[in-house]
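In: Return atomic coordinates for the entry below.
(chains A and B)
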Amino acid sequence: MTIGSFTQTAAVVMFSVLATLAMLLCILTGAESDDLADFYTGYRALAPLTSGLAVAGDYVSAATVLSASGIVALSGYDGMVLLLSTVLSLLLMMSLRAGPLRRAGRFTLGDVLARRMPGRRVRGAASAVTLAAVLPFLLVQLSVAGSLITFILGIGQDSAKAVCILIIGILMIAYAAVGGMKGTALVQIIKMVVLLGACLAVSVLVLGRFHWSTSALLGAAESGSGAGASFVHPGMEWGRSATGRIDFLSLQLSVVLGAAWLPHVTMRVNAEAGTSAARRSMSWAVGSTAVVALCLTVMGVAATALIGRARLVAGDPQGSSSVLVLTRALGAGYPPLGAAVLHAAIGGAVFMTLLSATSGLTLAAATSIAHDLYAGVLRRGTALERKELGAARWATLGVGLPAIVLAVLVRNWNLQVLISLGFCIGASAIAPATVYSLMWPGLTRRGLLATLIGGTGSVLVLVAFSPAVSGSAHALFPGADFHWFPLETTGIVSVPVGFLAGALGSGPDAARALAGSAVRAAVRLPVSAAVRAAARFPARTVRALPRAAGRPAGGPGRVARPRRVQVPDPAGRPDPREWYRL
Amino acid sequence: MIATAPGLAALACFVPYLLLSAFAEQLMDAPLVGGLNTGTALGLLQLAGFLGCAARAPKGSAPEEPSLGGGNRPAEPQP
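Out: Residues are numbered from 1 along each chain as shown, chains lettered A, B, ... in the order given. Have a look, this model is predicted:
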């Protein structure tokens, strides 16, 4: 598809302005050369709105924006459910963080787990799991960067893709190494603002074209998809066989439990200030993610409605470029200036999303290497701050350069499986390990290691022998066939494996106690929530009445219970009483 | 815990929705208003619910947790 040179120039100008602005902000706000905490958390001083946008910016990766909108465009309903799961995951993780998991604190996964179980083996395992989750995610986003940027610029050659990957990669290393968490927070905020603006603008224009009629939009999408009414019915992506249905559930489970637990997101949330600030920033983070998800749904459906499935999959079987194709088709109806502005806006949003996602992931991997592996395992916690900061900066290079080379080599492969691999490791190893170590008093060191290793190992083994790697047309190795595991996403098996490994690894007695208290909590929670909701309603009404009705002054008739003072346990063990009171 | 309730409530609504999507497609196919079927309408409702949960996050009702173990200082003593 060719585009005018005017449009091309507008996109190049947009890219340069955004990249330069982000770089300037990174340099201006970058950490002092010897202040480690500043490099790792940096922005505790940010207001709730901006820190919420930074969390959302790290969370809404290029994989979400491009792959999920592609799945919406190609499979309608199933893609919409995927975006819902994505929003729910962040909501769930952040409300647990604002509630029972608020003590998590610190920087890396290793810090969170070592609060409970200090030791080199725990730190080493935490670092390995972090890298196993983050590096595939980084690779897939770098490798799609090539084809997307060349598509936006309208360049056809294959070698241009390699050049684009190289440029994005160098910028990503620079942002991560110079800016640290504070600098990348600003990159994330810029990205989120550009993305929200561009998505809202395109969605409004699209809905305006269909005269704000959902039935007109969905009707056009049903005929454009070539599948008729199936487009708005469940089961288009995975089929309606028993395996397909379970695969659908498995992916949604992995996304809900895993997406928000990926280390680069939890690192951002760890950098939050106090509890109440964390709650307010949660509103902004979840709210802006939900708005982006809604816009992506509209844009994906509209891409199929206006362009048609056949042309969307022509050069791109996953439909990752459907948002860009949609913008181009939409711009054709406007004067050249309007079309160029629209194209540059959405191109800039995709460009910033790719840049910020890759730099956030590079930073998370580098932090884990420097803080957990270098300072925690090799130096046994005695490293100088200046040395550790140097290690972190070198680690961005050590992670970034191999990732760039690998991404250039595999730029034409189908790497979609690596996205679900990251989510599955988040759901099967990181989420159980964090929840256990912060909420379950019976956990032992062996149990924690069993969760980390068992969860990650089961995901890696099952994915390697799944149809997403071999034995299907859209697999990583379409030519080979060595699969025996029937599902493409392993979550439905590997999440229980991760949780069970932790319970059984802690010993049979601890496992039995955990099962008992889990059953009791499952019975108690809904009952106590209902009782509390019922008790709160009349209390509020009564309080609004005038006091002169003969009731003693100072209360609604309910005696205020003294607030229980929590004495923090120096070893960081959770308060056993808290297990039930979520 | 007040902060956790919206997240768990959203999860408690979403799990039945997923199961219905996977195993009860006759129900989810039933047409409703404006070209939407039950499934898409429920999905949009869920999204609105998530937004509501996020907006309802309570503001500063709990006391600030004292930052344990030395705040944001990185190195911690190891055995």
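
In: how about residue A:383, phi and psi?
Out: Main-chain dihedrals, residue A:383, degrees, to the nearest 10: phi -70, psi 150.

In: wait, it sits on residue A:373?
Out: No - using C-beta atoms under 8 Å, residue A:383 and residue A:373 do not qualify as a contacting pair, with a distance of 10.8 Å. C-betas here are computed from N, CA, C, even on glycine.

In: Show the average pLDDT along stretch A:278-296.
Out: Stretch A:278-296 carries an average pLDDT of 89.

In: Can you give the distance of that stretch from its chain's centre?
Out: 12 Å (C-alpha atoms, centre = their mean, to the nearest Å).

In: Any buried residues in that stretch, and which?
Out: Within stretch A:278-296, the residues that qualify as buried are A:278-296, counting by 16 or more other C-beta atoms under 10 Å in any protein chain shown.

In: Tell me how many other residues surround the residue in chain B positioned nearest to chain A.
Out: Nearest residue of chain B to chain A: residue B:35, at 2.7 Å (C-beta to the nearest C-beta). Other residues within reach of residue B:35, judged by other C-beta atoms under 10 Å in any protein chain shown, total 17.

In: for residue A:445, same thing?
Out: Other residues near residue A:445 come to 16 when the count uses other C-beta under 10 Å.

In: pretty sure it is touching residue A:116, no?
Out: No - here residue A:445 lies out of contact with residue A:116, judged by C-beta under 8 Å, at a distance of 9.1 Å.

In: got any ranges where the chain has weak pLDDT?
Out: Just so you know, I chose chain A. Scanning chain A for pLDDT under 70 picks out A:1-3, A:30-35, A:38, A:41-45, A:99, A:102-106, A:273-275, A:536-582.

In: you looked at the wrong chain, it should be chain B
Out: In the predicted model, chain B carries pLDDT under 70 at residues B:1-3, B:57-79.

In: now the helices: where do they sit in it?
Out: Using DSSP state H, the helices of chain B run over residues B:4-23, B:25-29, B:38-55.

In: can you redo those as JSON lines with distance to residue A:245?
Out: Rendered in JSON lines, the data for the helices of chain B read as follows (distance: least, C-beta to C-beta, whole Å):
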{"stretch": "helix B:4-23", "distance to residue A:245": "4"}
{"stretch": "helix B:25-29", "distance to residue A:245": "9"}
{"stretch": "helix B:38-55", "distance to residue A:245": "14"}
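
In: can you redo those helices as a markdown table with mean neighbour count and distance to chain A?
Out: A markdown table is the format used below for the helices of chain B (neighbours: other C-beta atoms under 10 Å in any protein chain shown; distance: least, C-beta to the nearest C-beta, whole Å):
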| stretch | mean neighbour count | distance to chain A |
| --- | --- | --- |
| helix B:4-23 | 18 | 3 |
| helix B:25-29 | 16 | 5 |
| helix B:38-55 | 19 | 4 |
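
In: Residue A:205: which of these is closest?
Out: helix B:38-55 (20.1 Å; C-beta to C-beta).

In: and the nearest residue to residue A:383 once chain neighbours are set aside, helix, strand or coil?
Out: In space, not counting the residues next to it along the chain, residue A:383 is nearest to residue A:375; the distance is 4.1 Å by C-beta to C-beta, 6 or more residues apart in numbering or on different chains. Under DSSP: H, G, I helix; E, B strand; the rest coil, residue A:375 falls in the helix class.

In: Just give the number of residues close to residue A:375.
Out: Around residue A:375 there are 27 other residues, counting by other C-beta under 10 Å.

In: picking up where we left off before, can you tell me which of the helices of chain B is nearest to residue A:305?
Out: With C-beta to C-beta as the measure, helix B:38-55 is the member of the helices of chain B nearest residue A:305 (14.3 Å).

In: just checking, what packs against the closest one?
Out: Helix B:38-55 sits against helix A:77-98, helix A:275-306, helix B:4-23, helix B:25-29, with contacts defined as 3 or more C-beta pairs under 8 Å, 6 or more residues apart in numbering or on different chains; DSSP states H and E.

In: then that helix to PDB, C-alphas only?
Out: What follows is helix B:38-55, C-alpha atoms only, in PDB (Å, rounded to 0.1, in the frame of the first residue of the first chain):
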ATOM      1  CA  THR B  38     -26.500 -10.600  25.200                       C
ATOM      2  CA  GLY B  39     -22.800 -11.400  25.200                       C
ATOM      3  CA  THR B  40     -21.600  -8.100  23.800                       C
ATOM      4  CA  ALA B  41     -24.000  -6.200  26.000                       C
ATOM      5  CA  LEU B  42     -22.900  -8.000  29.100                       C
ATOM      6  CA  GLY B  43     -19.300  -7.400  28.100                       C
ATOM      7  CA  LEU B  44     -19.800  -3.700  27.800                       C
ATOM      8  CA  LEU B  45     -21.600  -3.700  31.100                       C
ATOM      9  CA  GLN B  46     -18.600  -5.400  32.700                       C
ATOM     10  CA  LEU B  47     -16.300  -2.800  31.300                       C
ATOM     11  CA  ALA B  48     -18.500   0.000  32.700                       C
ATOM     12  CA  GLY B  49     -18.400  -1.900  36.000                       C
ATOM     13  CA  PHE B  50     -14.600  -2.000  36.000                       C
ATOM     14  CA  LEU B  51     -14.600   1.700  35.400                       C
ATOM     15  CA  GLY B  52     -17.000   2.200  38.300                       C
ATOM     16  CA  CYS B  53     -14.800   0.000  40.600                       C
ATOM     17  CA  ALA B  54     -11.800   2.100  39.700                       C
ATOM     18  CA  ALA B  55     -13.600   5.400  40.200                       C
END
